[in-house]
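Trainee: this is a predicted model, with the sequence first.
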Amino acid sequence: MTEPPPHPHHQRTTPEQHAQRKAHHFHRFLHRHVHRRLWRFSAIALKTLQLLGDAVLGIGVLWSLGLCIYQPIALLPLGLILLLMAVLRQRGWHGHLRLWVFLSVAVSITTFTLLPNPQPSEWETPWAKTPEFHLDGNLLTITNLRDFRYRTPDDYDVHYRTETYDLSTITGADFAECYWDGHVAICHTMLSFTFADGRHLVVSGETRLPKGVEQNAVGGLYKQYGIAYLFGTEEDIFALRTNYRHEDLHLYPMNITPQQARGLLLRMVSIAEEAHREHTPYNTLTNNCSSGIVNSFVPPGRSLPWKYRYLPVHNGSIAGILFRHGALQSGSAATMDELRRRNYLGYDIAPGEPEHYSQAIRDKIRQQNAEQQPPAEVSAAATSPGS
């Protein structure tokens, strides 16, 4: 009697067959799990990219509509695109909607790039003149240095001066931030340079408005305004804000050497000259009132780090960043909020006595810092040699 043949599953396998079987199971596992997940991930990634692309195109469409409103000449090339689309559709070629949207946005960007920088026949009075500079060794002569005298924010005497500053006598610089209407994320920023003879030179980057034009943030995206770097006195540029507009101005002495302050001032002079020479347009996002000041903090030959490129857009955080990097004299203030309270100027400083304004604001800052110093530090300061 013959024995039945062994069941196939009970047959002995060779090492080669065992390896083939393991490889087969592994490929089935890859196909069922890994490959499917990769395909699913790829589909999600492509869909996400598509949505992002559509979002960018949507922003581009909104920006293009604004361009047509503030620069009507942009309607001409967009009209040609629409005419081309109509002709091609009549001939049976429709094309994808995204392609036409992309072409329209690209044409709008090109049109915006080709638009001339603003050069109106007349500017509003506060920015009618921009400073002119002459550097002879250490002597910096500034013509059209602004020194207005105010009765109200809109009623003032126009006065410009010519002053010469010896850069070898510069003793330091202050960073100023000015808030209004309760805003804390957005502010106006300025610099003030101190000289050994007691003079103070303010630099303020400001929107330069054509005559009869009012400023708004959206219009600032479309070459509607210029940008002017005013050089003037604290009795004009600071007092306008503290005594007449009643804005919240904070003044922080910077932790820099006289040589660094000199370099900072010369970089601001260079930025101001370029803005005047090129008729640089104001831009709400890329070239606003704080852009020049932020760029002046970067030494020549170096570029601003990417994480700070759009810092001027939320310029209310500039002082906090300077504080964290040790660029502001903070004394015993442990936080930026505390330093901001100590260096707040308030309103109506030395009213009717503009010649005492600069001394008055610094006396107030010293008094506020002394009042908020820990008792031990006050005692040490009182008993220190030369006090």
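Mentor: That came through, no problem.
Trainee: contacting residues around Phe102?
Mentor: Leu57 (C-beta atoms under 8 Å, 6 or more residues apart in numbering). The C-beta positions use only the backbone N, C-alpha and C, and glycine is treated the same way.
Trainee: now it: how far from Leu76?
Mentor: 19 Å (C-beta to C-beta, to the nearest Å).
Trainee: now for Gln71, how many residues are close by?
Mentor: By the criterion of other C-beta atoms under 10 Å, Gln71 has 16 neighbours.
Trainee: quick one: the strands in the chain?
Mentor: Ranges of strands in the chain, per DSSP state E, are 132-136, 139-146, 149-152, 155-157, 160-166, 170-179, 188-195, 200-208, 226-232, 248-253.
Trainee: make TSV from these and add mean pLDDT, distance to Ser270 and mean neighbour count to it.
Mentor: Conversion of the strands of the chain to TSV gives the following (pLDDT from 0 to 100; distance: least, C-beta to C-beta, whole Å; neighbours: other C-beta atoms under 10 Å):
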stretch	mean pLDDT	distance to Ser270	mean neighbour count
strand 132-136	97	9	12
strand 139-146	98	12	18
strand 149-152	96	30	12
strand 155-157	96	29	11
strand 160-166	98	16	14
strand 170-179	96	16	22
strand 188-195	97	14	22
strand 200-208	97	12	23
strand 226-232	97	10	24
strand 248-253	97	24	22
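Trainee: out of those, which is closest to Gln90?
Mentor: strand 226-232 (44.9 Å; C-beta to C-beta).
Trainee: TSV for the strands of the chain, including distance to Leu52?
Mentor: Listed next are the strands of the chain as TSV, based on distance: least, C-beta to C-beta, whole Å:
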stretch	distance to Leu52
strand 132-136	46
strand 139-146	46
strand 149-152	50
strand 155-157	50
strand 160-166	51
strand 170-179	35
strand 188-195	33
strand 200-208	33
strand 226-232	32
strand 248-253	39
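Trainee: out of the ones you listed, flag the one nearest Val313.
Mentor: strand 188-195 (12.3 Å).
Trainee: what sits up against that closest one?
Mentor: 165-166, 169-178, 180, 200-205, 234, 237-238, 241, 251, 261, 264-265, 268, 289-290, 293, 296, 315, 318.
Trainee: still on that earlier bit, out of the strands of the chain, nearest to Trp306?
Mentor: The nearest among those, by C-beta to C-beta, is strand 188-195 at 20.4 Å.
Trainee: show me the domain layout of the chain.
Mentor: 29-114, 125-373 (automatic domain parsing).
Trainee: number of nearby residues for the spatially closest residue to Thr189 that is not a sequence neighbour?
Mentor: Once flanking residues are discounted, Thr189 sits nearest to Ser290: 4.6 Å by C-beta to C-beta, 6 or more residues apart in numbering. Look at Ser290: counted by other C-beta under 10 Å, it has 22 neighbours.
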